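Trainee: Need the 3D shape of this:
(one chain, ligands or ions: 2)
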Amino acid sequence: MLTNTLEQTYYVIDFDSTFTQVEGLDELANIALAGNPNREKVVQQIRELTETAMNGDMSFAEGLRRRIELLQANRSHIDVLIDFLRTKISDSFLRNQAFLHDYADSILILSSGFKEFIVPIVTELGIKEENVYANTFRFDAEDNIIGVDNDNVLSSDKGKVKLLQSLNLEGEVCVIGDGYTDYELRESGLASRFYAFTENVEREKVTKVADHIVPSLDEFLFLNNLPRSQSYPKSRIKILLLENVHPVAREAFEGEGFNVEFVKGALDEDELIEKIKDVTILGIRSKTMVTRRVLENAPRLIAIGAFCIGTNQIDLKTATEKGIAVFNAPYSNTRSVVELAVGEMIMLIRNVFPKSVGMHAGKWDKSANNSFEVRGKKLGLVGYGHIGTQLSVIGEALGMEVYFYDVVDKMPIGNAKKLRSLDELLQVADVLSLHIDGRKDNKNVIGKREFGLMKDGVVFLNLARGHVVDVEALVEALKSGKVSGAGLDVFPYEPKTNNEAFESELRGLPNVILTPHIGGSTEEAQEGIGHYVPERLLEYVNNGSTTGSVNVPEVQLPLLKGSHRLLHVHRNVPGILAKLNNIFARYNVNITGQYLKTNDQIGYVIMDVERSYVDGFVQEIKDMEETIKFRMLY
Ligand SMILES: NC(=O)C1=CN([C@@H]2O[C@H](COP(=O)(O)OP(=O)(O)OC[C@H]3O[C@@H](n4cnc5c(N)ncnc54)[C@H](O)[C@@H]3O)[C@@H](O)[C@H]2O)C=CC1
Ligand SMILES: O=C(O)CCC(=O)C(=O)O
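Mentor: Numbers count the residues shown, from 1 in each chain. Ligands and ions are numbered 1, 2, ... in the order given. Here you go, the predicted structure:
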């Protein structure tokens, strides 16, 4: 029984589409009608009736009567439904079982659903059976459902209002639900606040009248300063994903309850500055320039995910200075780039493109002139990193002699030969392929002088970054025949979206393959990246680990158990640890784990502390003049 005291706050929670992600009756129909040829049609009719009733657009009693008639279910179907519902409990309810358990005396489940399936589900999460108010089925002798208990006020119109009235609760009543009938409790004056719960469904008619819209139970608990599993509700953390990253990335973040905005194209600096103000995590590919100005206008930003290999589009120095961790996908699209390079090199040395263009214009030009095999030719690789080495292996498998030059001393793979200078490589290669990164110093690494050093008729590939080649010099080399064919995937300026035209002097030149920066654009690569980058970002946000970060010192942390974790990014100056330890000592804080890593610019200290501490301690750490970013996890 509920005990009424003056001080008490009651939490009245709906079941269908709130406590669970689904509507119980709809799912019961789905189960009961398995094998029935009309299943889909009937289930759809039931769903529509549920939706109409939930929106308050039909008498509830009438809707319920018609749904039961359509149901054709029996007791055994309810057992199947219960097993199914166990897998459909709303994520935020699962996360906050401690609240449901600890506040069990104050929590009421008030539902127009049925006790037969509600009680087993909610009691497993700590709710008291006597606090569940719902309908009950009527069965015939064969255990078929034939109706509902008409004496229960919940089976009638405004049933929830009547029921709550009958409880005569003293104290404050907060209602959490997704339907209009939940709002009616507030409208009737029986409840003081109505929270529209939108984790599973969002009904405009309901959200419009709500006191608060809560995308998760975490948000409700946060607003009411109640104990919760998330220190800060994820639904309040905004993630901006640009440049059409793979949908699995969006799902990964939404699955954890983050507030995700997804934009198909890139944004220019001003557009990004406008959008980034309240963003905590930014996801981009190669086109979005994350400049100092952008970072200076991003007060909440803690991490950037580059859904690609290159990070030259990000001002890494400023990001580091501001304690913003940058992650990328260092090898998920490597193979895709390599395969495109291999395909292009064969097409170019064979002179296939001009033949194909001719054929499309009706020209039959069967001849072997200027068509060669790659076998036996010298492949020159500028940059011998992930892509360069993999191309080296495949080049050799095709019978090519592989030479490479890298600014860093790299171990040759197979029979590849390391050369001491770029000039040497330029003079040797029949096919020259660039696989260097896009750092500023690499601007125009290949220009007029370098083309001059190359063999006459060389095949030239750039699938690295546009600015590493002087395009004017390349055009001249193509026109003069110095370069017999080129495959170009990257350009100094690239259109921001597919609606913008590509303008370049390279257009219209024979035996030049132009592709719109798609070296890494395969389904396989994009899906791989879509999984990889969010995993790194989520590890960082949820646990503080910086594995794979390109700018923040890498720390792989144990999972947080029982303690509170303090994450402190600071300017790398001597004596920080001593300062921190001094604060801990003065406040008598017990440290259960401590980790520190530094790089040239910053230090990253992680401290796990016992939960009992006074808030002033945290403020002192935040106020340290060396502090760049401070976060707490629990
Ligand atoms: N077209 C596309 O869609 C894609 C393009 N890329 C580009 O390819 C580049 C290479 O990718 P990975 O091999 O994974 O990178 P990586 O970092 O593994 O290798 C780059 C190598 O280039 C070397 N290097 C840098 N500057 C050099 C220079 N001036 N001369 C000689 N060597 C130099 C580095 O020491 C390093 O070994 C990326 O940075 C990115 O810009 C990567 C993926 C897709
Ligand atoms: O797929 C993209 O947007 C960029 C690919 C790329 O250039 C990279 O991974 O560095």
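Trainee: quick one, helices of the stretch 351-500 of the chain?
Mentor: Using DSSP state H, counting those that start in this stretch, the helices found in the stretch 351-500 of the chain span residues 352-360, 386-397, 422-428, 448-453, 471-480.
Trainee: My error: substitute the stretch 201-350 of the chain in the last question.
Mentor: All helices of the stretch 201-350 of the chain, identified by DSSP H, counting those that start in this stretch, fall at 204-207, 217-223, 247-255, 269-275, 292-296, 316-321, 334-349.
Trainee: how about the ones you listed, which one is nearest ligand 1?
Mentor: In terms of Cβ to the nearest ligand atom, the element of the helices of the stretch 201-350 of the chain nearest to ligand 1 is helix 334-349, at 4.6 Å. No exception for glycine: its C-beta is placed from N, CA and C like everyone else's.
Trainee: The closest one near ligand 2 at all?
Mentor: No. For helix 334-349, no contact with ligand 2 is found by Cβ under 6 Å from any ligand atom; the gap never falls below 7.7 Å.
Trainee: Please identify the buried residues of that helix?
Mentor: Residues of helix 334-349 classed as buried: 334-342, 344-349 (neighbour count, 16 or more other Cβ atoms under 10 Å).
Trainee: what do you get for stretch 437-452?
Mentor: Those would be 437-438, 442, 444-447, 450-451, for stretch 437-452 by 16+ other Cβ under 10 Å.
Trainee: cool, and stretch 128-143?
Mentor: 131-135, 137.
Trainee: Could you do stretch 19-34 as well?
Mentor: 19-33.
Trainee: same deal with stretch 298-317?
Mentor: Neighbour-count burial for stretch 298-317 flags 298, 301-316 (criterion: 16+ other Cβ under 10 Å).
Trainee: so can I have CSV of the helices of the stretch 201-350 of the chain showing mean pLDDT and distance to ligand 1?
Mentor: Output for the helices of the stretch 201-350 of the chain, formatted as CSV (pLDDT from 0 to 100; distance: least, Cβ to the nearest ligand atom, whole Å):
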stretch, mean pLDDT, distance to ligand 1
helix 204-207, 96, 42
helix 217-223, 95, 37
helix 247-255, 95, 17
helix 269-275, 97, 21
helix 292-296, 98, 20
helix 316-321, 97, 13
helix 334-349, 98, 5
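Trainee: of all the ones you listed, which lies closest to Arg611?
Mentor: helix 217-223 (17.2 Å; Cβ to Cβ).
Trainee: Show me what the closest one is packed against.
Mentor: Where contact means 3 or more Cβ pairs under 8 Å, 6 or more residues apart in numbering; DSSP states H and E, helix 217-223 is packed against helix 91-95, strand 193-197, strand 212-214.
Trainee: what's near enough to touch the residue in the stretch 501-634 of the chain that ligand 2 sits nearest to?
Mentor: Ligand 2 sits closest to Gly520 of the stretch 501-634 of the chain, with a gap of 3.7 Å, by Cβ to the nearest ligand atom. By Cβ atoms under 8 Å, 6 or more residues apart in numbering, the residues touching Gly520 are 308-309, 332-333, 336-337, 526, 529.
Trainee: For the residue of the stretch 51-200 of the chain at minimum distance from ligand 2, which residues are in contact?
Mentor: Per Cβ to the nearest ligand atom, Asp91 is where the stretch 51-200 of the chain lies closest to ligand 2, at 30.9 Å. If you count contacts by Cβ under 8 Å, 6+ apart, Asp91 has them with 199, 216, 255-257.
Trainee: again, but for Ser111
Mentor: Here Ser111 is in contact with 14-16, 118, 132-135, 154 (Cβ under 8 Å, 6+ apart).
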